[in-house]
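In: need a 3D model of the sequence below.
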Amino acid sequence: MGEPVLHIEHITKKYEDHTVLNDVNLTVHQGEVIVIIGPSGCGKSTLLRCINALEPIQGGEIRLEDKKIEAGSKELAAIRQKIGMVFQSYELFPHLTVLDNILLAPMKVQKRSREEVKKEALTLLDRVGLKDRADSYPRQLSGGQKQRVAIVRALCMHPEILLFDEVTAALDPEMVREVLDVMLDLASQGRTMLIVTHEMSFAKAVADRVIFLDGGKIAEEATPKEFFEHPKTERAKQFLNMFTFEDAKTQNTENE
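Out: Residues are numbered from 1 along each chain as shown. The predicted structure follows:
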């Protein structure tokens, strides 16, 4: 396992009187893939947004290596360049082509040349099977294609860590696989990733470590094999049983 790159220490996140994250601690190592799962409303997406300072925290601290991440910090813009985030809703500019969506941030923020970034963008688009859509507009793409473009856009910023926030949740089932395959490929390349997902079979395949959040706390932390085969807490067992029931129901429907 690589060196620690992200430190989350005793963080608390509140919305008025509602505590969303309660004394959460987590250390992420270089090249590690951590999958964060848990019931709706447990704080999974909020945790990712706090890491990128998209949400302010009310206690504790988050550091990327030795740099503190906090809203209003003079170093925040530079730190954010090292943290790539892919959202459920793609966040592509509808008036820009696929290529121009990807080129915008590296050119404007990192002041890199168009020629350099274009070459890299086309190589990455080719890797995810979308080089022929470089001149298309987002409205001309499927949901799965838009999400793959969003991943390429994040990669072109050369981030140290990638955050994925339920990136398949809005996709039709047949499009989910194409996005998950790209993420599995990134994991095989040794990328450091934090992934919030409801895709349990994907979590088993990609994770080095599974974090189970419940009620704003880390209720369980284990390898995929340990977590999925021998969950320690009753709450985790209930959560996993719900997915087993849904899988069985889906199987019965397909067999009818």
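In: that's a helix at residue 22, yeah?
Out: No - read with DSSP: H, G, I helix; E, B strand; the rest coil, residue 22 is strand and lies in no helix.
In: quick check, pLDDT for it.
Out: The model reports residue 22 with a pLDDT of 96.
In: could you measure from it over to residue 120?
Out: Distance from residue 22 to residue 120, counting by C-beta to C-beta, to the nearest Å: 41 Å. Every C-beta, even on glycine, is put in place using the N, C-alpha and C of the backbone.
In: from the chain's centre, how far out does the helix or strand harbouring residue 25 sit?
Out: For residue 25, the host element (DSSP states H and E) is strand 18-29. Put simply, strand 18-29 sits 16 Å off its chain's centre (C-alpha atoms, centre = their mean, to the nearest Å).
In: my guess is residue 39 meets residue 239, correct?
Out: Yes - using C-beta atoms under 8 Å, residue 39 makes contact with residue 239 at a distance of 6.3 Å.
In: need the residues touching each of the two.
Out: Jointly contacting residue 39 and residue 239 under the rule C-beta atoms under 8 Å, 6 or more residues apart in numbering are residue 214.
In: how about the most centrally placed residue in the chain, secondary structure?
Out: The centre of the chain sits closest to residue 164, judged by C-alpha atoms, centre = their mean, with a distance of 1.2 Å. The three-state label given to residue 164 by three-state DSSP is strand.
In: how near is it to residue 197?
Out: Residue 164 is 7 Å from residue 197, by C-beta to C-beta.
In: and for residue 143?
Out: For residue 143, the distance to residue 197 equals 16 Å [C-beta to C-beta].
In: pull out the buried residues from stretch 182-197.
Out: Buried residues in stretch 182-197, counted by 16 or more other C-beta atoms under 10 Å: 182, 183, 186, 187, 191, 192, 193, 194, 195, 196, 197.
In: just stretch 86-106 next, same as before
Out: Going by 16+ other C-beta under 10 Å, stretch 86-106 has these buried residues: 86-88, 90, 92, 97-103, 105-106.
In: which of those residues fall in strands?
Out: Counting by DSSP state E, the buried residues of stretch 86-106 place residue 86 in strands.
In: rewinding a little: looking at residue 39 and residue 239, which is more packed in?
Out: residue 239 (20 against 15; other C-beta atoms under 10 Å).
In: confirm that that one sits in a strand.
Out: No - the assignment for residue 239, made by three-state DSSP, is helix rather than a strand.
In: SS state for residue 60?
Out: Three-state assignment for residue 60 (three-state DSSP): strand.
In: tell me the contacts of residue 128?
Out: Taking C-beta under 8 Å, 6+ apart, one finds 148, 151, 152, 182 in contact with residue 128.
In: separation between it and residue 157?
Out: Distance, residue 128 to residue 157, by C-beta to C-beta: 16 Å.
In: try residue 147
Out: The gap separating residue 147 from residue 157 is 17 Å, by C-beta to C-beta.
In: comparing the two, which residue is more hemmed in?
Out: A count of neighbours by other C-beta under 10 Å puts residue 147 above the other of residue 147 and residue 157, at 29 against 19.
In: circling back: tell me which of the buried residues of stretch 86-106 fall in helices.
Out: Those of the buried residues of stretch 86-106 mapping onto helices are 98, 99, 100, 101, 102, 103, 105, 106, per DSSP state H.
In: how about stretch 3-20: buried residues?
Out: The neighbour-count check on stretch 3-20 (16+ other C-beta under 10 Å) flags 5, 6, 7, 8, 11, 12, 13, 19, 20 as buried.
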